[in-house]
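> build the 3D model from these lines:
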Amino acid sequence: MRRLSEDEVNEINGYLSENIDVVYGKLILAHIGKDTKRMLKTGEEPQEGRKLFKSMEASLKKLICYEWEYCSKRNNPEFNDNVNLVAAIGDIVATLSIGIPPFLIAAILVRKGLNQFCECS
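Model prediction:
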């Protein structure tokens, strides 16, 4: 596992500690930042962020659960620390090249619960 910079640790901790609606709001804003024609009404960000995340779930599940084989790695002691887990998942998510901060997506996955997301037994 690579060593994280202080800025990366702070970014991850922010995503893990902020209100989940704020995190989903950041997700949609990161996504539409590339598409300035699309405007959201005030307060729509969390709902739209959840919709966006839902649309990415199949790709994320394939990548993290099946290709990276999260369920077989979940007992790794390094991943007892959510910052390390978000960093590892973020590095995997970065391969999707979707223009959204990978740690942001990874933090949502960790907060949702990867064991449930990947249907680990």
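> ranges for the helices of the protein?
With helices called from DSSP state H, the chain shows them at 6-17, 20-32, 45-60, 70-73, 82-93, 102-112, 114-117.
> and the pLDDT for the residue lying closest to Ser59 once chain neighbours are set aside?
Nearest residue to Ser59, sequence neighbours excluded (C-beta to C-beta, 6 or more residues apart in numbering): Leu96, at 6.6 Å. C-betas here are computed from N, CA, C, even on glycine. Note for Leu96: predicted pLDDT of 84.
> doesn't Leu63 make contact with Leu96?
Yes: assessed by C-beta atoms under 8 Å, Leu96 is found in contact with Leu63 at 6.9 Å.
> and Asp35, what pLDDT?
In this prediction, Asp35 carries a pLDDT score of 57.
> hang on, the earlier thing: so which of the helices of the chain gets nearest Met39?
Nearest to Met39 among the helices of the chain is helix 20-32 (8.2 Å), distances taken as C-beta to C-beta.
> in terms of secondary structure, what does the closest one contact?
On a contact count with 3 or more C-beta pairs under 8 Å, 6 or more residues apart in numbering; DSSP states H and E, helix 20-32 meets helix 45-60, helix 102-112.
> quick one: contacts for the residue nearest in space to the middle of the chain?
Nearest residue to the geometric centre of the chain (C-alpha atoms, centre = their mean): Ile105, 1.7 Å. Residues near Ile105 by C-beta atoms under 8 Å, 6 or more residues apart in numbering: 27, 53, 56, 60, 89-90, 93.
> buried members of those residues into ChimeraX, please.
Entered in ChimeraX, the line below selects the buried ones among the contacts of Ile105, by 16 or more other C-beta atoms under 10 Å:
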select :27,53,56,60,89,90,93
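> rewinding a little: just the helices and strands packed on helix 20-32: most buried one?
helix 102-112 (a mean of 22; mean count of other C-beta atoms under 10 Å).
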